[in-house]
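Asks: need a structure here:
(one chain, ligands or ions: 2)
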Amino acid sequence: MSQEGCLFCRIVRRQLPAEIVAEADGLIAVKDVNPQAPTHLLIIPTEHIASLADLTEAHTTLMGKALQLGNRLARQYHLTPDGYRVVINCGPQAGQSVWHVHVHLLGGRPLQWPPG
Ligand code: AMP
Ligand code: ZN
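Replies: Ligands and ions are numbered 1, 2, ... in the order given. You can find the predicted model right below:
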């Protein structure tokens with residue numbers, strides 16, 4: 001189910017321009033508009049799910065596929081064997097700014113730990 005005013009639903013519906021780099025079963029991957037690393041992609045379910053905390057049992061396969069797509073893109077963008085990071089920000093204190101669940105894929109530079 002798509003949500004009218006949601007930024008990522010609008011990208012999924014092609015109502016907002018975005019650099020789509022992959023489309024898979026129930027998922028799209030786009031370049032982040034404000035990249036925090038040389039490679040910064042977002043893996044976005046086409047279904048509107050507001051946040052990680054809203055996932056149900058029914059989303060288990062979908063989120064597994066999101067991680068698999070992340071691995072495929074990491075190889076495609078030559079992030080292996082150096083390594084990469086996948087992040088899901090959940091809720092205001094984690095810095096979630098778009099309320100449609102998405103997986104960040106970051107790589108291409110050394111990444112600090114712990115994150116800020
Ligand atoms: P988060 O803070 O985890 O909710 O991440 C939201 C991400 O979406 C941020 O990294 C933004 O730079 C990114 N973003 C916001 N608007 C767009 C857009 N129109 N196209 C691509 N990425 C976007
Ligand atoms: Zn949405």
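
Asks: flag every residue of this protein that's near ligand 1.
Replies: 7, 16, 18, 30, 32-34, 42, 89, 95-98 (Cβ under 6 Å from any ligand atom). Where you see a C-beta, it was placed from the backbone N, CA and C, and this is true even at glycine.

Asks: shaky segments in the protein?
Replies: Scanning the chain with the threshold set as pLDDT under 70 gives 1.

Asks: I'd guessed residue 38 sits against residue 111; true?
Replies: No - Residue 38 lies out of contact with residue 111 (Cβ atoms under 8 Å); the separation is 11.0 Å.

Asks: in terms of neighbours, single out the busier of these two.
Replies: Higher neighbour count among residue 38 and residue 111: residue 111, with 14 against 11, using other Cβ atoms under 10 Å.

Asks: secondary structure element for that one?
Replies: In the assignment (DSSP states H and E), residue 111 maps to no helix and no strand.
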